[in-house]
Every structure is written in C-alpha cells, then in structure tokens.
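Chemist: Curious how this folds, go ahead:
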Amino acid sequence: MTNVYDFTVKLTNGHQKELSDYEGKPLIIVNTASKCGFTPQFKGLQELYDKYQDRGLEILGFPCDQFNNQEFDNIEDTTAFCQLNYGVKFPIFAKIDVNGENAHPLFTFLKEQKKGILSKNIKWNFTKFLVDSKGNVVERYAPTTDPSKIEEDLIKYFM
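Modeler: Below is the predicted model of the structure:
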C-alpha cells in the first residue's frame, strides 16, 4: 500500500467503501468514541467540515472501542448519538480496532506514516491524521489537539 487511497473500509451498513473515492480531496481521519472526554471534539470537526467541505475537505470518523470501552455496542446508536448531539454530517464508518493484531490496515498504515510521541501506537480516542489530496499522511495530531488547531495546517497545505 502506497497511500490512503489504496484501502477499503466498511460502512455502517456493512458494505465496503474504497477510499479511492476520495482521491483528490484532503482528509482528516480520526478514531472516535461516543462516551469519551474528548467526544465534544465532534463539534469542532463538524465546524471544519462545514467550513471547508465546499473546497473538498472530507472527514472520516472511525468509532473505536479499544480505550476503556467508550463506544456503543450498536453502530446505529453511535451514528444517532453523533448526529443528535453534535450535528455530525461527515461519514462515520463501522467500528474498528486501531491497535493490536486486529488493527484495521488503514490505521496500521497511518501509524507507520506518522508516528506518535515515543511510539507509533494510538494512545487514545480522537487521534487525528491529516491526509493531502494525493493520499499522503502529512500530519498526526494528539487526542488533546482541538480540531480548530488543524485549520492552520488545512490552509497551509490545501486551501
């Protein structure tokens, strides 16, 4: 795999989605959780999406239950929660693992491209990756990074 567009992910309805469908667009890829202290970041992510979607930005949310079981068991509960509480309109995909032997290959790739502090593993929910319009991972942001802080890099790289 040479870039993000080489991967396929699962939609909430169980169908597959090729990330090549997003080719030519900047992406923010984030592992999410509905019951996490960082969950309010959905609001900031949605604000970025609202502001830059017309310029091609896509945000891809991947629910993950690996950090203190902070995600609903049922994906329909997850999507409803995101829409009702934070007005999320960007795509939310099927629940995945981001670390370990069952980690989704997309997140294995993301971690290999941009390591975190001290290790490549994702430490918590809401680790965010910025991907350029060619499918290259250009930045990694810690769970504590507010989505508004990504805007400067969005402008620098893409807008």
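Chemist: Find the residue closest to the residue nearest to the spatial centre of the chain in space, skipping its chain neighbours.
Modeler: The residue at the geometric middle of the chain, judged as the C-alpha nearest the mean C-alpha position with CA atoms, centre = their mean, is Val30 (1.9 Å). In space, Val30 comes closest to Lys128 once its chain neighbours are excluded; the distance is 4.6 Å by CB to CB, 6 or more residues apart in numbering. To be clear about C-beta, it is placed using only N, CA and C from the backbone, and glycine gets the same treatment.
Chemist: residue ranges for the helices of the chain, please.
Modeler: Assigned helices in the chain, in chain order: 41-52, 75-86, 105-113, 151-157 (criterion: DSSP state H).
Chemist: on that earlier part again, does the residue nearest to Val30 really touch Thr32, like I thought?
Modeler: No. In this structure, Lys128 is not within contact of Thr32 by CB atoms under 8 Å, at 9.8 Å.
Chemist: quick revisit: and Gln16, which of the helices of the chain is closest to it?
Modeler: For these, distance to Gln16 was read as CB to CB. The smallest value, 12.3 Å, belongs to helix 105-113.
Chemist: what does that closest one contact?
Modeler: Counting by CB atoms under 8 Å, 6 or more residues apart in numbering, the neighbours of helix 105-113 from elsewhere in the structure are 1, 4, 7, 9, 19, 29, 31, 62, 96-99, 120-122, 129, 136-137, 140.
Chemist: Could you tell me the end-to-end distance of stretch 56-73?
Modeler: Its first and final residues considered, stretch 56-73 spans 32 Å by CA to CA, to the nearest Å.
Chemist: Equivalent analysis for stretch 117-136, please.
Modeler: So stretch 117-136: terminal residues 20 Å apart, CA to CA.
Chemist: Could I get the average pLDDT for that stretch?
Modeler: Per-region confidence: stretch 117-136 scores 89 on mean pLDDT.
Chemist: in it, what counts as buried?
Modeler: Neighbour counts using 16 or more other CB atoms under 10 Å place 122, 124-132, 135 of stretch 117-136 among the buried residues.
Chemist: In strands only, show me the residues you listed.
Modeler: Among those, the members found in strands (DSSP state E) are 128-131.
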